[in-house]
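Asker: My questions are about this predicted structure, shown below with the sequence.
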Amino acid sequence: MAIRYELLKTCHQTGARLGRLHTPHGIVETPAFMPVGTLATVKAMSPEELEEMDAQIILSNTYHLFLRPGHEVVAAAGGLHRFMHWNRPILTDSGGFQVFSLSKLRHITEDGVTFRSHISGEPLFIGPEKAMEIQNALGSDIIMAFDECAPYPAEREYVETSLERTTRWAERCLKAHKRPDEQALFGIVQGGVYRDLRERSARSLTALDFPGYAIGGLSVGEPKEIMYDVLEYTVPLLPDTKPRYLMGVGSPDALVEGAVRGIDMFDCVLPTRIARNGTTMTSRGRLVVRNAKYARDFSPLDPACDCYTCRNYTRAYIRHLIKSDEILGLRLTTYHNLYFLLRLMENVRQAIREDRLRNFRDEFFAQYYGQNS
Ligand SMILES: CN(C)CCSCc1cc(N)cc2c(=O)[nH]c(N)nc12
């Protein structure tokens, strides 16, 4: 078995679960936030800094690594862990999402997707078998089935055709996966915002008995209330003995609300992406440190934070770095944002242990969003 999920406790106040995901590269305490390292690096962070802030698992990307440097190069280096000097667990996405969101002139057939590289423009192809070949070569601990993430909004007929094909692609992934004992293949539930289609996708995939399940097709522009509705009726269809991964999520509120609804794993580019333009997450909400009002503010980004950035640098200094486009600026804001979300998930896990996640959510939201939610 490549992974084993240990369900430790279910919060009495909510449906949230405390768990441990045992992988070949270590244990992941869940619910967990996974920093995104698309090109085999969590932008601006070294692996030592990620370990220091206790990032337990990071994400990388089939599509990007296939295009550059090529999965054969990573395999020749001994796999992604050796290539990027990261010895903890890695999850790779299958490329489906990126092909649809990044490449031009893509064409979907039953075989897979032909597209032009967004880097060189050369014509390329990825399908279920290719997505397994690439992820098997990368050697990540958790790999994702090749799926189509239907856009939002999308006609019911389109979503239905797409999910049926995604289910057939999932079966082909199970057949093509060469290393099931070392790399856990997760199925990805689709079905848009249509309850009966979500149920059909979940039932088809759970019948195939994957070691874990992702909920895809969300966080693609739909209102958060709709995302939460989809979770309410989709999560209960997934086996509670397996991990559940909500893809592409998210903001602090979505992480907490997702955990309340029984999600165990999250990934999002938000903390690293907004850091690069000087937007930071603090216990009292977002703080855009490049704002002129911080020019002479010699307090830390977040007085309630004990991270490396907040212990050693001021808003005024970080604002100066960001305004000057200094590399240290985005390093310090990235470090803080990742630390903030990782600590948030640690607090969520503690609240589940103490059966008080609903109280924690209300207190956190009141501080972060400045209103009683
Ligand atoms: C770095 N991230 C943007 C990439 C990792 S998560 C990507 C991702 C995000 C979202 N929202 C939905 C889907 C989805 O439905 N399928 C797949 N394969 N990936 C998805």
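Answerer: Alright, I've got the coordinates.

Asker: When you work out contacts or count neighbours from here on, use the C-alpha atoms and nothing else.
Answerer: Fine.

Asker: Might you name the residue of the stretch 1-150 of the chain sitting closest to the ligand?
Answerer: Closest residue of the stretch 1-150 of the chain to the ligand, C-alpha to the nearest ligand atom: Cys149 (3.9 Å).

Asker: helix or strand for that residue, which one?
Answerer: For Cys149, there is no helix or strand it lies in under DSSP states H and E.

Asker: what about the residue of the chain found nearest the ligand, distance to Thr167?
Answerer: Nearest residue of the chain to the ligand: Gly216, at 3.2 Å (C-alpha to the nearest ligand atom). Counting by C-alpha to C-alpha, to the nearest Å, the separation of Gly216 from Thr167 is 13 Å.

Asker: Would you mind telling me which of these two has the busier surroundings?
Answerer: Thr167 (25 against 22; other C-alpha atoms under 10 Å).

Asker: Kindly report the residues of this protein close to the ligand.
Answerer: Residues of the chain lying near the ligand by C-alpha under 6 Å from any ligand atom: 36, 38, 93-94, 96-97, 147, 149, 216-220, 247-248, 268-269.

Asker: Recalculate using a threshold of 8 Å.
Answerer: Residues of the chain found near the ligand (C-alpha under 8 Å from any ligand atom) are 36-38, 59-61, 92-98, 144-150, 188-190, 215-220, 246-249, 267-269.

Asker: distance between the longest helix seen in the chain and the chain's centre?
Answerer: Ranked by number of residues, the top helix in the chain under DSSP state H is helix 327-353. Helix 327-353 sits 14 Å away from the centroid of its parent chain (C-alpha atoms, centre = their mean, to the nearest Å).

Asker: again, but for stretch 282-293
Answerer: The mean C-alpha position of stretch 282-293 is separated from the chain mean by 24 Å, C-alpha atoms, centre = their mean.

Asker: So what touches it?
Answerer: By C-alpha atoms under 8 Å, 6 or more residues apart in numbering, the residues outside stretch 282-293 that reach it are 278-281, 301-302, 304-305, 315-316, 318-320, 322-323, 340, 364, 367-370.

Asker: Straight-line length of it, end to end?
Answerer: Terminal-residue distance, stretch 282-293 (C-alpha to C-alpha): 16 Å.

Asker: in that stretch, what's buried?
Answerer: Using 16 or more other C-alpha atoms under 10 Å as the test for burial, stretch 282-293 gives Thr282, Ser283, Arg284, Gly285, Leu287, Val288, Val289, Arg290.

Asker: which of these sit farthest apart?
Answerer: Ser283 and Arg290 (18.1 Å; C-alpha to C-alpha).

Asker: coming back round to it: how about the residue of the chain closest to the ligand, what does it touch?
Answerer: Counting by C-alpha under 8 Å, 6+ apart, Gly216 has contacts Cys149, Ile188, Val189, Gln190, Leu246, Met247.

Asker: if we go to 10 Å?
Answerer: Neighbour list for Gly216: 97, 147-150, 187-192, 245-248 [criterion: C-alpha atoms under 10 Å, 6 or more residues apart in numbering].

Asker: Need phi/psi at it.
Answerer: With angles defined as degrees, to the nearest 10, Gly216 sits at phi -100, psi -180.

Asker: Over to the one 10 residues further on?
Answerer: Backbone torsions for Ile226, taken as degrees, to the nearest 10, come to phi -70, psi -40.

Asker: The one 10 residues further on now?
Answerer: When quoted as degrees, to the nearest 10, the phi and psi of Pro236 stand at phi -60, psi -20.

Asker: I'd assumed Arg261 was in contact with it.
Answerer: Yes. With contact defined as C-alpha atoms under 10 Å, Pro236 reaches Arg261; the gap is 9.1 Å.

Asker: Which secondary structure state does Glu257 sit in?
Answerer: Put simply, Glu257 is helix when judged by DSSP: H, G, I helix; E, B strand; the rest coil.
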